[in-house]
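# Have a look; sequence and predicted model below, questions after that.
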Amino acid sequence: MVPDTDAPDAWTATPAAMPDSPGPAARDVPPVVVGVDGSALAMAAVRLAAREAELHDRPLRIVHAFNWAPDPYAPADELREPAEEITERAVACGAETAPGVPVSAALLEGPPAAILLRESGAAALLVIGDGGLGGSGGVPVDATPLQVTARAGCSVLVARTTVPGTGLVVVGVDGSASSQQALEQAFDAARRRGDRLRVVRAWDPVEDTIGTEARVAVELDEAVRPCQERYPDVPVELRVRTGDPKDVIVAETTDAELVVASARGEQPWRGMLGGVSQALLYHCTAPVLITRGTHEVYVQG
């Protein structure tokens, strides 16, 4: 689909750049930043990032973070060669995926999570691989993908190894202000892709003892209506499902091309991710876009 470059971008407004943020802070247009390593998943992340950059008419910045202890007997150039090969391969992949997108690369020394969090301070979007999260529950909470998605200063798109479905964007909402922003970004994503949109609201009678499924359906319709008026060309399906929100949302994503959720939903006080966003990272096989509000900036570690 050819991107509509004249349309407003529903991504978060330009995040506040940190004073010591590398490259992207100096750009006039905040880029899509993608973190890469030597894995096959990294190239999937680059292709996903390049497509997003093309859809949103933004430059693509490729970042490889590495740590190494210098070997006194090895030339310094040889120590950097593997890292340089990774970035060169990623640049070629990005240019092939989206030939019209400006592509740059940076090789930065430091812990991957810290480097990516710094980059997120001036990025329009950060794209990373899932690091084995998908379909797993055994990844430690300090794993790089979880640290980055929990603390980034912009929305984060998590790439998968599996090939996603096509033609469908799924978003989970819970009535919170942050999920309303996720809804806005989901509409925007569906419009740019030419996809249909499925909006899912869970009703858990165990937690909501005074509500009814019918009332929740009315609330969902009222929440979606303003976005429908702004995006009249996006086909929309509203679904209210009974059950635990984590299980409900994950079950609705099996045929999705993209899944959108707010970082914390109705739990803005959480230091890390909300329950639904964590469940999607662990159990959803499609790429997941974790959205953030303009007031959120990353927490330096």
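Structure's in. What do you need? Residues are numbered from 1 along each chain as shown.
# what bits of the stretch 151-300 of the chain have low per-residue confidence?
Applying pLDDT under 70 to the stretch 151-300 of the chain picks out residues 209, 265-272, 293-300.
# repeat that for 90
161-166, 175-179, 204-213, 263-275, 292-300 (pLDDT under 90).
# ranges for the strands of it?
156-159, 168-173, 196-203, 236-242, 258-262, 288-291 (DSSP state E, counting those that start in this stretch).
# Compute the inter-axis angle for the second one and strand 236-242.
Read that as strand 168-173. Comparing the axes of strand 168-173 and strand 236-242 via axes from the mean of the first three to the mean of the last three C-alpha atoms, to 10 degrees yields an angle of 50 degrees.
# Begin at 14, not 1, for the rest of this chat.
Okay, residue one is now 14; in that scheme the one you just asked about reads as strand 181-186.
# Just checking: what are the partner strands of strand 181-186?
Strand pairing for strand 181-186, using DSSP bridges, gives strand 209-216 (parallel), strand 271-275 (parallel).
# Out of those, which is closest to T225?
Ranking the strands paired with strand 181-186 by proximity to T225 (C-beta to C-beta) places strand 209-216 first, at 8.0 Å. Heads up, the C-betas are built off the backbone N, CA and C, glycines and all.
# Contacts for the closest one next, please.
Applying C-beta atoms under 8 Å, 6 or more residues apart in numbering, the external contacts of strand 209-216 come out as 180-188, 196, 199-200, 203, 224, 226, 229-230, 232-233, 237, 247-258, 261-262, 265, 269.
# Can you flag the buried ones in those residues?
Among those, those buried by neighbour count (16 or more other C-beta atoms under 10 Å) are 181-187, 196, 199-200, 203, 229, 232-233, 237, 247, 249, 251, 253-254, 257-258, 261-262, 265, 269.
# quick one, which of the strands paired with strand 181-186 is packed in tightest?
Stretch with highest mean neighbour count among the strands paired with strand 181-186: strand 271-275 (a mean of 30; mean count of other C-beta atoms under 10 Å).
# Identify the residues contacting that one?
177, 182-185, 189, 191-192, 194-196, 198-199, 202, 206, 208, 262, 266, 287, 289-290, 293, 297, 299-305.
# gap between L121 and V261?
40 Å (C-beta to C-beta, to the nearest Å).
# Which parts of the stretch 14-163 of the chain are strands?
Using DSSP E, counting those that start in this stretch, strands in the stretch 14-163 of the chain cover 45-48, 73-79, 116-122, 138-142.
# need the contact list for D22.
Per C-beta under 8 Å, 6+ apart, neighbours of D22: H69, A137, D201.
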